[in-house]
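>>> Predicted model and sequence below, questions to follow.
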Amino acid sequence: MMRDLGEGTFGKVKLGVHMQTKQKVAIKILEMSKIAQMSDRGRVGREIKILKEVKHKNIIQLFEIIETSFAIYMIMEYAEGGELFDYIVNKGRLSEKEAAFFFLQLVEGIEFLHQRKIAHRDLKPENLLLDKDCKTIKIVDFGLSNIYKDSEGKEILLATACGSPCYAAPEMVEGSKYVGYTVDVWSSGITLYAMICGYLPFEEAETALLYQKILKGHYEIPSFLSIDAVRIIKGLLTVNPKERLTFDGIKKQPWIQQYMPKRVSPKQSVQTKHMKNMTCDTALLLRQ
């Protein structure tokens with residue numbers, strides 16, 4: 001009997017094990033009876049198409065599709081660490097260092113998607129899974145994703161308002177057409193805020209009040225956040241999408257720079273190795 005991992009709009013997600021390799025996999029079962037409308041079929045088709053095309057360490061991998069008259073079975077990578085949402089809840093909130101570690105992975109994943117003109121449109125901690133060691137982020141659930149380029153490869157604007165209201169960007173809330181990457185940058189900002197604060201910046205019981213706050217960009221800045229953390233949050237949660245941080249802008253932020261892994265060039269690596277082989281006297285002579 002396969003253990004349930006979760007439940008979605010069109011069916012359940014179960015844990016499976018490959019008989020020969022013993023590798024654990026997640027099996028997303030899409031029941032045909034629940035994929036009734038043409039819009040639902042299009043949504044499922046887009047999700048499968050996107051997952052077949054993208055291969056990235058921070059995006060869940062689709063291994064195989066099995067289709068029967070009753071259901072579509074999506075055999076996928078199993079992220080044993082569970083949802084980032086539960087990880088945050090269990091810790092209360094994350095340190096800025098740990099949050100930056102996860103956020104950098106999220107940015108790399110969504111930047112990879114947008115280089116291919118793919119908008120996720122439902123980024124939130126519930127749709128970010130962790131590997132067994134809780135070190136690697138995996139972006140999942142591409143049911144609301146879309147490709148924002150035409151047949152000639154030119155960028156087009158999207159118009160559908162979708163996703164979770166608390167994570168929705170202002171341009172989506174007001175019903176405007178929008179550039180695909182701006183809404184995902186906004187949602188990544190909400191996710192970062194949730195990681196380092198332990199709660200969401202925009203929350204209201206009434207949807208109308210929630211949308212008013214989002215459109216005005218009104219949220220609290222906790223006193224325990226560092227100045228650099230506040231700056232990047234403000235850059236991500238800028239109401240005007242044209243002024244919002246781009247992927248390049250995110251990477252240039254001081255908050256990101258201090259936690260970004262130092263990359264050593266091949267030339268530097270060779271020099272370092274050579275220096276280690278020298279005697280102390282030789283090294284001193286070279287520095288003079």
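Thanks, I have the structure now.

>>> For burial, what's the neighbour tally of residue 15?
By other CB atoms under 10 Å, 14 other residues sit near residue 15. In short, each C-beta sits where N, CA and C put it, glycine included.

>>> where does the protein have low pLDDT?
Scanning the chain for pLDDT under 70 picks out 1-2, 8-9, 36-39, 262-288.

>>> show me the contacts for the residue lying closest to residue 113 once chain neighbours are set aside.
In space, and not counting its chain neighbours, residue 113 is closest to residue 120: 6.2 Å by CB to CB, 6 or more residues apart in numbering. Applying CB atoms under 8 Å, 6 or more residues apart in numbering to residue 120 gives the contacts 110, 113, 127, 139, 142, 144-145, 184, 187.

>>> Quick check on those residues: which are buried?
With burial judged by 16 or more other CB atoms under 10 Å, the buried subset of those is 110, 113, 127, 139, 142, 144-145, 184, 187.

>>> any idea how far the residue nearest the centre of the chain is from residue 22?
In the chain, the C-alpha nearest the mean C-alpha coordinate belongs to residue 106, at 4.2 Å (CA atoms, centre = their mean). Applying CB to CB, to the nearest Å, the value for residue 106 to residue 22 is 30 Å.

>>> Repeat that for residue 138.
Taking CB to CB, one finds residue 138 at 20 Å from residue 22.

>>> Looking at the buried ones among the contacts of residue 120, spot the one nearest residue 67.
Distance to residue 67 across the buried ones among the contacts of residue 120 (CB to CB) is lowest for residue 142, with 17.8 Å.

>>> re the thing from before, same list, the buried ones among the contacts of residue 120, but as a markdown table with distance to residue 46 and secondary structure please.
Formatted as a markdown table, those follow (distance: CB to CB, whole Å; DSSP: H, G, I helix; E, B strand; the rest coil):
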| residue | distance to residue 46 | secondary structure |
| --- | --- | --- |
| 110 | 17 | helix |
| 113 | 13 | helix |
| 127 | 16 | helix |
| 139 | 15 | strand |
| 142 | 7 | coil |
| 144 | 9 | coil |
| 145 | 6 | coil |
| 184 | 16 | helix |
| 187 | 18 | helix |
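
>>> how about the nearest residue to residue 23, chain neighbours excluded?
residue 17 (7.2 Å).

>>> Could you pull up phi and psi at that neighbour?
As for residue 17, its main-chain torsions (degrees, to the nearest 10) stand at phi -130, psi 130.

>>> Count the residues that sit near it.
12.

>>> Show me the beta-bridge partners of it.
Taking DSSP bridges as the rule, residue 17 bridges to residue 24.
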